[in-house]
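1. Below: sequence and its predicted model.
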Amino acid sequence: MLPELQTEIPGPKSRSLAARLAAHECRNVTFMNPDFPIFWQRAAGNNVWDADGNRYLDFTSAFGVTGLGHSPPSVVSALHHQADQLIHGMGDVHPTELKVAVCEKISHLTFERWGCGPGKTILGNTGFEAIEAALKTSLLATGKPGVITFENAYHGLGYGTLAAGAMDRFRRPFASQLPDFGYSLPFPHCTCGQSRECTPTCLSQLDSLEAALRKKINKYPVGAILAEPIQGRGGKVVPPSGFLPMLRLICDETGTLLILDEILTGLNRCGSLFACEASTTIPDLVCLGKSLASGLPLSACVGPAELMDRAWPASDGEALHTTTHLGNPPACAMALAALDLHSAPELARQVCDRGEYFRSQIKKIDLPSCGRIRGRGLLLGVEILDADGRPDRAATSGFVVHSLKKGLIVLADSPTGNVLSIVPPFDISEDEMNCFASCLQEYLTSLPGSIS
Ligand SMILES: Cc1ncc(COP(=O)(O)O)c(C=O)c1O
């Protein structure tokens, strides 16, 4: 449904809640200014309602979690049913049947589907926990502590993930507490608009990256390469199509593990069940999170049974890696319902088609400030440029505020802050996409100096 606003944005209730929150929440957590935030009260499908009764369209899927829409009915009824049965258990001591079923289902959808036999899973709550489980697995399996990551990657903000490699702004304040085992290399950008065949510019980036990777692996004890198939928070950066196959080859030749972070790109977001499937690359370990339970925190680090068994000893009564909420029953119940929906073969096609439509509508904005469209499927980014064709951070954040006042929830990212992030629910309609495109066109046309 299109937005419907009842008050100025933010409305009076949101403003008063912001004042109360500012008094009692650490000030670094929730960004506040006269235009931000709105306080969410309920959500359904592609819409969110705030505390003042305003209805918004969500172009973020709430950080990529609600690709299936907010509160899909089958997921909600799984939650209701589970809430009556068991809310909290003892995940790594006395587990539930739900945990059995979730681990089985994740195995079916990943390594079994990829023809590698059964997968084994370590469940976690948030995304960074799954990455840290993968880092531990790689050390145990290879005996080598080094990890190669990519500049502008985002794997979450735990100390393990920050140490492996993270954007400088997240890492720098804590650098003195971080161990030194990560080596960061440039993430290659596909410059040919994602046609199947990459241009020589793309290929030469891969050549120099391959040389740099081999050099690092020869010089340091590197156990794993950790990569996002498409950089999300780094600005929806699609690498050349040969990137993942090249990583796979180097890993095979050097006995290094390939860890793919599919926390954002996985579960149909990029138009295939997992983004790595576009280049038929099978990782050694894959990390899932975000939309896994469609709204409750649940993450997973998954690897082939042989690798997981080689890395981890049998439990002697005390798990080496666990959390209090591991295998949380409502989260597992929701994940089973969500994974059933994700398994529908037509969903990936739908995401591709809607992503293409979204691109076509944005491409119609014939203004120099509307730059390239990045991404794949419904993980899209639009570059906003100034009159000299440079990244325009101010205009980009201006649109985030402008669109919120029109009832659209949009975020921006990339190191230069000039990429509008478009991560809508998979059921986004043509009318809803047109609404975004016309709001962007109207905004960019209103900028001083705009010329078409
Ligand atoms: C690719 C990727 N990996 C890991 C994470 C971290 O997940 P979480 O915030 O749940 O720890 C994120 C979060 O945005 C992400 O986009």
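-> The structure has been received and is ready for your questions.
2. give the contact list for the closest residue to the ligand within the stretch 151-300 of the chain.
-> Closest residue of the stretch 151-300 of the chain to the ligand, C-beta to the nearest ligand atom: Gly156 (3.1 Å). Backbone N, C-alpha and C define where each C-beta goes, glycine included. Residues near Gly156 by C-beta atoms under 8 Å, 6 or more residues apart in numbering: Thr126, Gly127, Phe128, Glu129, Ile131, Ile263.
3. when you check the ligand, which of those turn up near it?
-> Thr126, Gly127, Phe128, Ile263 (C-beta under 6 Å from any ligand atom).
4. For the first one, grab the count of nearby residues.
-> Yep, that's Thr126 we're talking about. Thr126 has 18 neighbouring residues, counting by other C-beta atoms under 10 Å.
5. Kindly report the same for the last one.
-> The burial count assigned to Ile263 is 28, neighbours taken as other C-beta under 10 Å.
6. List the residues that contact it.
-> Contacts of Ile263 by C-beta under 8 Å, 6+ apart are Gly127, Ala130, Ile131, His155, Gly156, Cys287, Leu288, Gly289, Lys290, Ser299.
7. quick one: what helix or strand has the third one in it?
-> In other words, Ile131. Under the criterion of DSSP states H and E, Ile131 resides in helix 127-142.
8. and the angle from the helix or strand following that helix to helix 127-142?
-> Later in the chain than helix 127-142, the nearest helix or strand by DSSP H and E is strand 146-150. Going by axes from the mean of the first three to the mean of the last three C-alpha atoms, to 10 degrees, strand 146-150 is angled at 140 degrees with respect to helix 127-142.
9. and which of the ones next to the ligand among the contacts of Gly156 is nearest the ligand?
-> Of all the ones next to the ligand among the contacts of Gly156, the ligand sits closest to Gly127, with 2.2 Å by C-beta to the nearest ligand atom.
10. There's contact between that closest one and Pro297 in this structure, I believe.
-> No. Between Gly127 and Pro297 there is no contact under C-beta atoms under 8 Å: 9.0 Å.
11. distance of the residue of the stretch 151-300 of the chain closest to the ligand from Met167?
-> 11 Å (C-beta to C-beta, to the nearest Å).
12. for Cys276, same thing?
-> Relative to Met167, and taking C-beta to C-beta, Cys276 is found at 23 Å.
13. Then Leu404?
-> With distances taken as C-beta to C-beta, Leu404 is found 24 Å from Met167.
14. Contact partners for the most centrally placed residue in the chain?
-> Centrality entry for the chain: nearest residue to the mean C-alpha point is Leu264, 2.1 Å, by C-alpha atoms, centre = their mean. Residues counted as contacts of Leu264 (C-beta under 8 Å, 6+ apart) are Gly64, Glu228, Gly232, Arg233, Lys290, Leu379.
15. what's the farthest-apart pair in the contacts of Gly156?
-> Spatially, the most separated pair among the contacts of Gly156 is Glu129 and Ile263, at 10.4 Å (C-beta to C-beta).
16. between those two, what contacts are shared?
-> Residues touching both Glu129 and Ile263 (C-beta under 8 Å, 6+ apart) are Gly156, Ser299.
17. Write out the residues of this structure neighbouring the ligand.
-> So far as C-beta under 6 Å from any ligand atom goes, the chain lies against the ligand at 63, 126-128, 154-156, 228, 232-233, 261, 263-264, 289.
18. got a winner among those residues for most neighbours?
-> In terms of neighbours by other C-beta under 10 Å, those top out with Asp261 at 31 neighbours.
19. OK, contacts around that residue?
-> Counted by C-beta under 8 Å, 6+ apart, Asp261 has contacts Gly127, Ile131, Ala153, His155, Leu226, Ala227, Glu228, Pro229, Cys287.
20. Now the helix holding Ile131: average pLDDT?
-> Mean per-residue pLDDT for helix 127-142: 98.
21. Please apply the same query to stretch 62-75.
-> In this model, stretch 62-75 carries a mean pLDDT of 98.
22. now stretch 357-366
-> For stretch 357-366, the mean pLDDT works out to 98.
23. Only alpha carbons, please: show that stretch as PDB.
-> Listed next in PDB are the C-alpha coordinates belonging to stretch 357-366 (Å, rounded to 0.1, in the frame of the first residue of the first chain):
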ATOM      1  CA  TYR A 357      11.500  -3.200 -13.200                       C
ATOM      2  CA  PHE A 358      12.900  -1.100 -10.300                       C
ATOM      3  CA  ARG A 359      16.000  -0.500 -12.300                       C
ATOM      4  CA  SER A 360      14.100   0.500 -15.400                       C
ATOM      5  CA  GLN A 361      12.000   3.000 -13.500                       C
ATOM      6  CA  ILE A 362      15.100   4.600 -11.900                       C
ATOM      7  CA  LYS A 363      16.900   4.700 -15.300                       C
ATOM      8  CA  LYS A 364      14.100   6.900 -16.600                       C
ATOM      9  CA  ILE A 365      15.300   9.700 -14.300                       C
ATOM     10  CA  ASP A 366      17.300  11.500 -16.900                       C
END
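24. Now tell me what touches that stretch from outside.
-> Contact with stretch 357-366 is made by 370, 373, 378, 380, 382, 422, 424, 428, 430, 433-434, 436-437, 440-441, 444, 452, as judged by C-beta under 8 Å, 6+ apart.
25. Of the residues of the chain next to the ligand, which pair is most distant in space?
-> Using C-beta to C-beta, the residues of the chain next to the ligand span at most 16.1 Å, a distance reached by Thr126 and Glu228.
26. Any stretches of the stretch 151-300 of the chain with poor pLDDT?
-> Along the stretch 151-300 of the chain, the model assigns pLDDT under 70 to residues 193-197.
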